[in-house]
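Visitor: With the sequence up front, the predicted model follows.
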Amino acid sequence: MKARALDHFLIAALMFAAASSLHAQSPASGQSSSTDELKFVVIVTRHGVRSPTGKLDQLNQFSAQPWPEWSVPPGYLTAHGAKLMTLFGAYDRELLAKQGLLSADGCADAEHITILADSDQRTRETGKALASGLFPGCSVPVRAQAEGMHDPLFHSLEAGVIHPDKFIATAAIGGRIGNNPAGLVEAYRPQLQALEGVLAGCGAGSSCAGAPAPKKSLFDIPSSIGPGSGDHLVDLKSPLGTAATMAENLLLEYTEGMDKNQVGWGRVDLNKLRQLMQLHTESADIERRTYYIARAQAANMLSHVLDSMRQAVTQKPVAGALGKPADRLLILVGHDTNLANIGGALNLSWLIDGRRDDTPPGGALVFELWRKKEKAEYTVRTYYTSQTLEQMRNTTPLSLTAPPERVPVFVPGCGQADAFCTWSAFESTIRAGIDPGFVTRLD
C-alpha cells in the first residue's frame with residue numbers, strides 16, 4: 001500500500017510540474033512562448049479618477065448631510081487621478097518591455113505609439129499621464145479635439161454621425177426589464193435600501209433613529225421609460241439610475257483617497273462600497289450594454305480599432321487605421337460608456353477585483369496581436385485590466401511583482417480553449433459585431 005501511494009504521489013507531482021511548465025510558457029498566462037512574438041497592442045481605457053459630474057444641489061436633497069466639495073471643477077481629472085495613471089503607464093512600459101514589444105527605457109520607441117483622447121479635460125490629461133509613465137522625459141503627443149467638441153470616435157451619437165432608431169432602442173431596453181421600469185426597484189431593493197441607509201445617516205450596526213431625515217427618498221423617484229430626446233436614445237427614469245450616480249460618487253471618494261470619515265460620511269468601507277457599486281454596474285448594463293444601443297454606439301470605435309489591427313498585420317496603410325503602419329501601441333482614452341458599449345456589442349464579460357463588468361477609473365480593455373514566427377500566422381488575446389480599489393486609494397506603485405488586476409476576456413465567436421482567437425476568426429467576429437450603417441470613416 002505504501003509503494004502504491006508513493007507511485008500515485010510521484011505521478012501527481014510530475015503531472016503538476018508539467019502543467020505548471022505549460023502554464024508558464026503559455027502566452028495566455030502573460031508569458032510569450034519562443035515561437036510567438038507580440039506585434040501590436042490596442043488599449044481602450046477609461047480616464048482616471050475624476051470629480052463627480054452631477055449637480056450637488058440635486059444630490060443633497062437625498063442625503064442628510066451635504067456631499068463633499070472637490071478641489072477641481074466637476075468632471076475634471078484630479079492630481080491623484082493623474083498620478084494613478086502615470087503609475088499605470090510605467091507598469092505598461094515594464095510589461096510591454098518584458099513581452100518584447102518595447103525597449104525597457106529611453107525614447108526611441110515613442111515614435112511607434114499613438115495616443116488619442118476624447119476632448120474632455122479628464123481624458124486629455126489622462127492621456128498625458130499615461131504618456132509620461134510610458135516614456136518619462138520623452139515627447140509623446142496626445143491627439144484630441146478641442147474642449148467641448150464631440151469626437152465621433154468616442155461619442156458618435158452626440159457628434160451626430162449616427163442616427164439610431166430611438167423607438168427600437170426603447171423597445172430593446174423595455175424587453176430586458178419586462179417593459180416595467182418600476183420593477184427595477186424590486187430587483188435591486190436590498191442595494192437601494194443599503195444606499196438609503198448611508199444617505200440617511202445610519203452607521204454600521206446602528207439604526208436611523210434620531211438622524212435628520214433627507215428631503216427626498218430614492219424610493220420616491222417615479223419610474224418611466226420612453227424614447228429619448230437630443231443626445232439620449234432612451235429616457236429611462238428610476239431610483240436605480242439616480243442611485244447609480246451616487247454609488248459612483250462614493251467610488252470616486254474612495255479611490256481619490258479621501259479620509260475615511262469623508263467617504264460616505266464615514267459610513268462606507270470597502271465591503272459596503274462593493275455592495276453599493278452593484279447599483280452602478282447594473283444600471284450601466286441596462287442602459288449601455290443592451291445590444292441594439294451598444295452595437296450602434298460602439299460601431300465607429302470598433303471599426304477603427306479593427307482597421308488599425310489589420311494595418312499592423314499587413315504593415316501597409318489601411319484606410320480607417322488610427323496610427324501608422326509601424327506603430328506598436330495604440331491607446332484610446334475615453335469613458336466607461338465606451339467600454340460598456342464594446343462589451344455589449346461583442347458580448348464580452350469580465351470579473352475583476354470582485355466586481356462583474358465594472359469599468360472603474362483607469363480600467364482598460366486590451367487587444368494583443370501576436371505573430372507565430374515560423375508560420376507568419378497571427379492570433380489575438382483579449383483581456384481587461386484595472387488597478388484594484390485599494391491600489392487606487394493608496395496610490396500603490398505598480399510593477400510586474402505588484403501588478404494591477406489583469407483577467408482574460410473570452411471573445412464569443414472566435415475564442416479557443418486557450419482564450420486566443422485566430423486573426424481571421426477575430427476579424428470576422430468583430431466585423432459581425434459592427435453595423436456598417438453606424439460607421440463614419442475618420443480622416
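Guide: Thanks, I have it.

Visitor: residues contacting K166?
Guide: P227, G228, L233, V234 (CB atoms under 8 Å, 6 or more residues apart in numbering). Any C-beta I mention is one placed from the backbone N, CA and C, and that applies to glycine too.

Visitor: Ok, P52 next?
Guide: W67, W70, P74, G75, T245, E248, N249, L252.

Visitor: Go again with 6 Å.
Guide: N249 (CB atoms under 6 Å, 6 or more residues apart in numbering).

Visitor: okay, the contacts of K166 in CSV with neighbour count, secondary structure and distance to M392 next?
Guide: Output for the contacts of K166, formatted as CSV (neighbours: other CB atoms under 10 Å; DSSP: H, G, I helix; E, B strand; the rest coil; distance: CB to CB, whole Å):
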residue, neighbour count, secondary structure, distance to M392
P227, 15, strand, 38
G228, 15, coil, 33
L233, 25, coil, 31
V234, 22, strand, 31
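
Visitor: of those residues, closest to G127?
Guide: Relative to G127, the closest of the contacts of K166 is L233; by CB to CB it sits at 27.7 Å.

Visitor: isn't that closest one right next to F167, touching?
Guide: No. Assessed by CB atoms under 6 Å, L233 is found out of contact with F167, at 9.6 Å.

Visitor: Strands of the stretch 251-400 of the chain, start to end?
Guide: In the stretch 251-400 of the chain, the strands defined using DSSP state E, counting those that start in this stretch lie at 329-334, 351-352, 355-356, 364-372, 377-386.

Visitor: now the ones you listed in JSON lines, with distance to Q145 and mean neighbour count?
Guide: Shown next, in JSON lines, are the strands of the stretch 251-400 of the chain (distance: least, CB to CB, whole Å; neighbours: other CB atoms under 10 Å):
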{"stretch": "strand 329-334", "distance to Q145": "12", "mean neighbour count": "26"}
{"stretch": "strand 351-352", "distance to Q145": "30", "mean neighbour count": "16"}
{"stretch": "strand 355-356", "distance to Q145": "32", "mean neighbour count": "16"}
{"stretch": "strand 364-372", "distance to Q145": "21", "mean neighbour count": "21"}
{"stretch": "strand 377-386", "distance to Q145": "26", "mean neighbour count": "22"}
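
Visitor: Can you say which of those strands is nearest to N341?
Guide: Across the strands of the stretch 251-400 of the chain, closest to N341 is strand 329-334 (CB to CB), at 9.7 Å.

Visitor: check contacts around E253.
Guide: E253 neighbours (CB under 6 Å, 6+ apart): V263.

Visitor: That should have said A90, apologies.
Guide: Taking CB under 6 Å, 6+ apart as the test, what A90 contacts is G133.

Visitor: Tell me if I am right that it is in a strand.
Guide: No. A90 sits outside any strand when classified using DSSP: H, G, I helix; E, B strand; the rest coil, being helix.

Visitor: Quick check: it vs A82, distance?
Guide: Note on A90: its distance to A82, by CB to CB, to the nearest Å, is 13 Å.

Visitor: likewise P227?
Guide: Following CB to CB, the distance that separates P227 from A82 is 39 Å.

Visitor: contact partners of stretch 213-220?
Guide: Here stretch 213-220 has contacts from Q61, F62, S63, A64, L192, E196, L199, P239, A243, using CB under 6 Å, 6+ apart.

Visitor: my bad, should have said stretch 102-110
Guide: L96, A97, F135, C138, V140.

Visitor: change it to 10 Å
Guide: Stretch 102-110 has contacts (CB atoms under 10 Å, 6 or more residues apart in numbering) with 38, 41, 92-98, 101, 112-113, 131, 134-141, 328-329.

Visitor: what do you get for stretch 415-423?
Guide: Contacts of stretch 415-423 (CB under 10 Å, 6+ apart): 26-29, 36, 309-310, 313, 367-371, 377-383, 408-411, 413-414, 425-430.

Visitor: Find the nearest non-adjacent residue to the residue sitting nearest the centre point of the chain, please.
Guide: By CA atoms, centre = their mean, the chain has its centre lying nearest to T359, at 3.7 Å. Sequence neighbours aside, D336 is the residue nearest to T359 in space, at 3.8 Å (criterion: CB to CB, 6 or more residues apart in numbering).

Visitor: Look at A169 and tell me its secondary structure.
Guide: helix.

Visitor: so what's it up against?
Guide: P227, G228, H232, L233, V234, E287, T290, Y292, I293, A296, Q297.

Visitor: contacting residues for the second one?
Guide: By CB under 10 Å, 6+ apart, the contact set of G228 is L157, K166, A169, T170, V234, D235, L236.

Visitor: Show me which pair in these is furthest apart.
Guide: Farthest pair in the contacts of G228, by CB to CB: L157 and L236, 15.5 Å.

Visitor: Find the residue ranges of the stretch 151-300 of the chain scoring beneath the pLDDT cut-off.
Guide: 202-212 (pLDDT under 70).

Visitor: Secondary structure element holding the nearest residue to Y292 once chain neighbours are set aside?
Guide: Distance criterion CB to CB, 6+ apart; nearest residue to Y292, sequence neighbours excluded, is A172 at 4.1 Å. If you go by DSSP states H and E, A172 is part of helix 166-176.

Visitor: And for K83?
Guide: Per DSSP H and E: helix 79-98 holds K83.

Visitor: the inter-axis angle of that helix versus strand 329-334?
Guide: For helix 79-98 against strand 329-334, the angle by axes from the mean of the first three to the mean of the last three CA atoms, to 10 degrees is 160 degrees.

Visitor: Show me what the following helix or strand past helix 79-98 is packed against.
Guide: Moving toward the C-terminus from helix 79-98, the next helix or strand (DSSP H and E) is strand 113-117. Helices and strands touching strand 113-117, by 3 or more CB pairs under 10 Å, 6 or more residues apart in numbering; DSSP states H and E, are strand 36-46, helix 121-134, strand 142-143, strand 329-334.

Visitor: before we move on, the earlier item: any chance of the strands of the stretch 251-400 of the chain in JSON lines, plus distance to V305?
Guide: Converted to JSON lines, the strands of the stretch 251-400 of the chain look like this (distance: least, CB to CB, whole Å):
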{"stretch": "strand 329-334", "distance to V305": "8"}
{"stretch": "strand 351-352", "distance to V305": "21"}
{"stretch": "strand 355-356", "distance to V305": "24"}
{"stretch": "strand 364-372", "distance to V305": "7"}
{"stretch": "strand 377-386", "distance to V305": "11"}
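
Visitor: Please render those strands as TSV that adds mean pLDDT and distance to K215 to the earlier fields.
Guide: Shown next, in TSV, are the strands of the stretch 251-400 of the chain (pLDDT from 0 to 100; distance: least, CB to CB, whole Å):
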stretch	mean pLDDT	distance to K215
strand 329-334	98	36
strand 351-352	96	37
strand 355-356	94	31
strand 364-372	97	39
strand 377-386	97	36
